[in-house]
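Undergrad: just a sequence and a predicted model for now, questions to come.
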Amino acid sequence: MRDPNRNLIGRWSSFIQRERVYAVPDGIEVEVDERIDVACRRVLYDDVLLVTYHRERGALFLILSGLFAFGFLTLAIYLSTLGTPGVVFGITFSLFGLPFLIAFLLRAIFGVDVITVFGRRSKAAIRYRLRKRRAREVHELICAAVRSAHQKLATEGGDHALP
Amino acid sequence: MATAVEYAGPQCPRCGVTLILAALQQGETICERCQGFFEATIFQPPERRRPQVIETVVVAGPEGANACANHARNAAVTSCQRCGLFICSLCDMNVGAGSFCPSCFDLVRAEGNLKAAPRKYRDYASIARLTAILGLLAYFAWPLVGAISLYFVPKGFRQRRAQGRSGAGMVIVGLIAAAEIAGGIALYGFMIWSFTKTVR
């Protein structure tokens, strides 16, 4: 059964691993899927020292996707100049290159919004490719939750205080 | 010993250099090393108040309490469920999986046997998916990889359902695995049939 107190607030995939970030009542939970094993870690709101927000492009991603797009499209243009059979091959290669070109343009134009939450013992990063408004909302929600947790800790001595 | 995660506090989110919070300004800020902009919201978490609850043997008396194995002056409140040592509330490492002394806690945690604090688990759905997809490339081993994938499919399905996620992906993987087994059997059957035909 789905835990009603555990809400998915972000996910991110790379060649090496996939990340899922959940908001839980007392903090943020990160599940890192290393393809076979899944590692979990938490950043508790009580421990948060810094929350940052920035937009990045990712040089490596831009270079790789740009190179692949350039390579396939150059080949496609060259083949299409060789006559009718070449045009078919050219179209095929341009179809191969199109996803790389789209990925390159999307990243170059929109970038990736990153929210990083630094705790005393651990950190969590949440990335958004296109949903910028959602990124802002989540940033505000995290900051509000951290403020609330710190206020509670200051007044009550915290949930985890010894009896 | 439990392994510590390599993390040394707040860093620049762009370049990863360690930041000094006292020198950092709230709002739009710039990293001195990479010159990258980021928006910072700084917090100062209050310290947790920990009331003194450790009873000493002197107060409890020799009949009232046993001494802690690590702190001779403290009264034991429980015993370690692994090694049986008497431990005081200072040494009691209880995270919801019973009481452990600090050394046993480290050991049990390192072995991954602490059920209350799992930090890593095996993703059966990923194993099933990986074997099914990679198996497509190795036609000579289709029956084997199909069987391996099919073995992990129910486990992955149950795991996904337990996490509240859809099991539809596992159904597709199961179909691919079944197709690999069937294709492999058909392939080997055809090879045997054509071989015997040639021999005759």
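TA: That came through, no problem.

Undergrad: strands of the chain, start to end?
TA: If you meant another chain, say so; for now it's chain A. A:7-13, A:18-24, A:27-33, A:37-44, A:50-56, A:112-118, A:123-128 (DSSP state E).

Undergrad: hm, I was asking about chain B
TA: Under DSSP E, chain B gives strands at B:27-30, B:37-42, B:78-79, B:86-87, B:93-94, B:99-100, B:120-122.

Undergrad: okay, these in TSV with mean neighbour count next?
TA: Where C-beta positions appear, they are placed from N, C-alpha and C, glycine not excepted. Output for the strands of chain B, formatted as TSV (neighbours: other C-beta atoms under 10 Å in any protein chain shown):
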stretch	mean neighbour count
strand B:27-30	12
strand B:37-42	18
strand B:78-79	17
strand B:86-87	23
strand B:93-94	16
strand B:99-100	22
strand B:120-122	13
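
Undergrad: can I see the domain layout of chain B?
TA: B:10-42, B:57-111, B:124-191 (automatic domain parsing).

Undergrad: next: chain A.
TA: If you go by automatic domain parsing, chain A breaks into A:7-57+A:111-156, A:59-109.

Undergrad: that older thread, closest one to A:V48 among the strands of chain B?
TA: Closest to A:V48 of those, according to C-beta to C-beta: strand B:37-42, at 9.2 Å.

Undergrad: packing partners for that closest one?
TA: strand A:50-56, strand B:27-30 (3 or more C-beta pairs under 8 Å, 6 or more residues apart in numbering or on different chains; DSSP states H and E).

Undergrad: out of these, which gets nearest to A:A124?
TA: Closest approach to A:A124 among those (C-beta to C-beta): strand A:50-56, 10.0 Å.

Undergrad: tell me the strands beside that closest one, with direction?
TA: Note on strand A:50-56: by DSSP bridges, its sheet partners are strand A:112-118 (antiparallel), strand B:37-42 (antiparallel).

Undergrad: so what touches it?
TA: For strand A:50-56, the surrounding residues in contact (C-beta atoms under 8 Å, 6 or more residues apart in numbering or on different chains) are A:111-118, A:135, A:139, A:142-143, A:146, B:10, B:13-14, B:19, B:21, B:24, B:36-43.

Undergrad: thinking again about what came up before, and the domains of chain B as TSV, adding mean pLDDT?
TA: Below are the domains of chain B laid out as TSV (pLDDT from 0 to 100):
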stretch	mean pLDDT
domain B:10-42	87
domain B:57-111	82
domain B:124-191	89
